[in-house]
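J.: no sequence for this one, just the structure:
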C-alpha cells in the first residue's frame, strides 16, 4: 500500500511537471495564469497522498492552506497584482 | 475489512491518477487557452476528488474524513470560479487584438 | 532504487528546473508565476522532510503573499520605465553565477557530510515541554524558549510597515493605500470574495489554534487571514482603510506591545524578562498569540497594499 501510494504521488508529480512545462511555455500571460490553479489541484492531491505515505497527519492542514492560498494567488494573477496602474479602464478587467 | 478498504483506496487513487493524466494530456495537446483551461479544471478536479475518495477509507476519524471532503469542496469552488475569471481574461485578450 | 527515492529525485528535479526557469525567463510576469509555483512546490519538500510548520509558512508566504508582492512590484516597474538602460555586464553576471554556484556547492557539501548523529537540541526542547504545557515543540521554541526573537521579529514587521508608509507622496499622507478596486457586483469575483473569506477566516483561526499542539501557529494563521482580507479588497467589496486611523495603528502595535507588557511583567513579578510562571504559561502564551495574529494579519495585508496613494477626503 505504501509503495503504491508513493508511486501515485510520483506519478501525479510527474503530471504536474509536464503540465507546468506546457503552461509556462504557453504563448501569453493568460496561459501562465493557470499555473497557480494547476499546482492548487495537483499539489493538494500530492500533499494528501504524501501525508498518508510518510505518516504526517498534519499534511492535511498544509493541503487546506494550499487550497486557500492557491486560489488567492490565481485571482491575484488574473488581476495582475494589487496595483492597477496599467489598466486603461477604471475598474477590473473581468466582470464588465 | 481492511482488505476492502485497501481495494477501494487503490481503485480510487488509480482512477484519480488516470484523470490527472488525462488533464495533462489535454494541457499538452489542446490548441488554445480556453480548451486547455477546460482540460485543467475539469479533469484535474475530478482527479483530486477521486484521490480524496480513495484516502477516505484510510482516514482515522470522522473529523479527518470531513477535513478531506472539505478540502475537495474548496478545490471545486476555486476551480469553478477561477476558471471563469481566466476565461474572461482570455476572451478579452482575444477581442482587443 | 526504491520508489520513495525515485519520487524524491523527481521532486528535487522539478523544483530545481522550475527555479532555473524562473531565473532564466525574460518577462517579469512569467518569473513571478514561476516563483509562486516554486514556493508552492517547496512546501511539498518541507512536508517530505517532516517540517510541517515550515511547509505551512512556505505555502502561505512564499506561495500566496510573496507572489502578490512581486506582482505589484513588477506592475510598478513596468510603468516606471527604468532609467538604467544598461543591464549588468557579462563579467558581473558570470561572477554572480560563479559565486552562487560556489555557495550552493558549499551548502550541499556541508549537508551531505553531516555526521550521523547530528548535534541537535530537539530532544531537549521536547523534554522541556512541561514548562508551557504545549505539545508543539516549534511553538514552544517560538513563544517560550526564544520568545525574545519572536517579539523582536514583530517589531521588525512594524518597522517594515513604517518604511512602506514613508513612501507616500505628501498629499496622500495618512490616506488609503493602493487603488480602489471595482468589480461587477453580480460577477464571479465578487461571488468568490463573499464566499471564501468566511471559510478562510475559520481555517486561519483553526491553523492558529491548533498550533498549540500540532503544526501551525499565529504566523501562518495571520497570513491566511491577511490573504482573505486582500481578496475582499481585490474584489472591491471593501476599501483599504486610511492609515491614519487610530484603531488600525492600535492593531499594528497590539502584538509586540502585549509581548513587551508580558515580558516586563516577567521581569517585575518573576525571574527574568519574558519568564512565564509555569502555571500561567499556557494562557499567557495564547493571549499573546491572539494579539499577534491580529497584528500579523493587519501588517501583512497593509504591506501588500503598499504606500498610501489616495488622500482621505
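T.: Sure, I can see it. Note that the structure is a prediction, hence the values are computed from the model and not measured. Residues are numbered from 1 along each chain as shown, chains lettered A, B, ... in the order given.

J.: what's the pLDDT at residue B:4?
T.: Residue B:4 carries a pLDDT score of 89 in this model.

J.: so who does it touch?
T.: By C-beta atoms under 8 Å, 6 or more residues apart in numbering or on different chains, no residues touch residue B:4. No exception for glycine: its C-beta is placed from N, CA and C like everyone else's.

J.: and residue B:12, by the same measure?
T.: Residues near residue B:12 by C-beta under 8 Å, 6+ apart: B:50, B:51, B:53, B:54.

J.: among those residues, which two are most distant?
T.: B:51 and B:53 (7.2 Å; C-beta to C-beta).

J.: what touches both of those two?
T.: Residues touching both residue B:51 and residue B:53 by C-beta under 8 Å, 6+ apart: B:12, B:16.

J.: who has more neighbours out of these two?
T.: Shown here are residue B:51 and residue B:53; by other C-beta atoms under 10 Å in any protein chain shown, residue B:51 has more neighbours (31 against 19).

J.: Three-state assignment for the residue nearest to the more buried one when sequence neighbours are not counted, please.
T.: Spatial nearest neighbour of residue B:51, chain neighbours left out: residue B:16 (3.8 Å); criterion: C-beta to C-beta, 6 or more residues apart in numbering or on different chains. Of the three states, residue B:16 takes helix under DSSP: H, G, I helix; E, B strand; the rest coil.

J.: now do the helices in chain C.
T.: For chain C, the helices defined by DSSP state H occupy C:3-24, C:28-48, C:52-57, C:66-80, C:90-112, C:122-127, C:137-140, C:147-165, C:188-210, C:218-234, C:246-269, C:281-305.

J.: swap that for chain B, please
T.: With helices called from DSSP H, chain B shows them at B:2-29, B:33-38, B:44-55, B:62-95.

J.: hey, which of the ones you listed is tucked in deepest?
T.: Highest mean neighbour count among the helices of chain B (mean count of other C-beta atoms under 10 Å in any protein chain shown): helix B:44-55, with a mean of 25.

J.: next, the angle from that one to helix B:62-95.
T.: Here the directions of helix B:44-55 and helix B:62-95 differ by 170 degrees (axes from the mean of the first three to the mean of the last three C-alpha atoms, to 10 degrees).

J.: compute the inter-axis angle for helix B:44-55 and helix B:2-29.
T.: Per the same axes, to 10 degrees, the angle that helix B:44-55 makes with helix B:2-29 is 170 degrees.

J.: elements contacting helix B:44-55?
T.: Judged by 3 or more C-beta pairs under 8 Å, 6 or more residues apart in numbering or on different chains; DSSP states H and E, helix B:44-55 is in contact with helix A:2-25, helix A:34-54, helix B:2-29, helix B:62-95.

J.: mind checking those for the one nearest to residue C:164?
T.: Evaluated over these, closeness to residue C:164 peaks at helix A:34-54, with 24.9 Å, by C-beta to C-beta.

J.: can the next helix-or-strand element following the closest one be said to contact chain C?
T.: Per DSSP states H and E, helix A:34-54 leads on to helix A:59-79 as the next helix or strand towards the C-terminus. Yes: Helix A:59-79 is in contact with chain C by C-beta under 8 Å from any C-beta of the partner chain, via A:59, A:61-62, A:64-66, A:68-73, A:75-77, A:79.

J.: what's the answer for stretch B:84-97, then?
T.: Yes: contact of stretch B:84-97 with chain C (C-beta under 8 Å from any C-beta) involves B:84, B:85, B:88.

J.: that older thread, so how do I select the buried members of the residues of helix A:59-79 next to chain C in ChimeraX?
T.: The following ChimeraX line selects those of the residues of helix A:59-79 next to chain C that are buried, judged by 16 or more other C-beta atoms under 10 Å in any protein chain shown:
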select /A:59,61,62,64,65,66,68,69,70,71,72,73,75,76,77,79
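
J.: what bits of chain A have low per-residue confidence?
T.: A:81-96 (pLDDT under 70).

J.: the nearest residue to residue A:71 once chain neighbours are set aside and residue A:65, how far apart?
T.: Leaving aside its chain neighbours, residue A:71 sits nearest to residue B:78 (3.9 Å; criterion: C-beta to C-beta, 6+ apart). Residue B:78 sits at a distance of 13 Å from residue A:65 (criterion: C-beta to C-beta, to the nearest Å).

J.: where are the low-confidence patches of chain B?
T.: B:95-97.

J.: who's in contact with residue 29?
T.: In the absence of a named chain, this looks at chain A. Going by C-beta under 8 Å, 6+ apart, residue A:29 touches A:80, C:27, C:29, C:30.

J.: you looked at the wrong chain, it should be chain C
T.: A:29, A:32, A:80, C:71, C:74.

J.: pick the one among those residues closest to chain B.
T.: Comparing these against chain B with C-beta to the nearest C-beta places residue A:29 closest, at 8.2 Å.

J.: ok, residue A:11 - how many residues close by?
T.: Neighbour count for residue A:11, taken as other C-beta under 10 Å: 21.

J.: look up the closest residue to it, ignoring the ones flanking it.
T.: residue B:17 (5.1 Å).

J.: you'd agree the one you found is up against residue A:13?
T.: No: the pair formed by residue B:17 and residue A:13 falls short of the contact definition of C-beta atoms under 8 Å, at 10.7 Å.

J.: want to throw the helices of chain C into TSV with distance to residue C:240 and mean pLDDT?
T.: Below are the helices of chain C laid out as TSV (distance: least, C-beta to C-beta, whole Å; pLDDT from 0 to 100):
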stretch	distance to residue C:240	mean pLDDT
helix C:3-24	30	91
helix C:28-48	22	90
helix C:52-57	25	94
helix C:66-80	13	80
helix C:90-112	37	92
helix C:122-127	40	88
helix C:137-140	32	90
helix C:147-165	12	93
helix C:188-210	14	93
helix C:218-234	6	94
helix C:246-269	10	91
helix C:281-305	5	92
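
J.: in CSV: those helices, plus distance to residue A:22.
T.: Listed next are these as CSV, based on distance: least, C-beta to C-beta, whole Å:
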stretch, distance to residue A:22
helix C:3-24, 13
helix C:28-48, 13
helix C:52-57, 26
helix C:66-80, 20
helix C:90-112, 28
helix C:122-127, 42
helix C:137-140, 38
helix C:147-165, 37
helix C:188-210, 25
helix C:218-234, 27
helix C:246-269, 43
helix C:281-305, 30
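
J.: contacts only, for the residue nearest to residue A:11.
T.: Applying C-beta under 8 Å, 6+ apart, we find residue B:17 in contact with A:8, A:11, A:12, A:15, B:47, B:51.

J.: my guess is the fourth one contacts residue B:23. True?
T.: Yes: under the criterion of C-beta under 8 Å, residue A:15 is in contact with residue B:23, at a separation of 7.4 Å.
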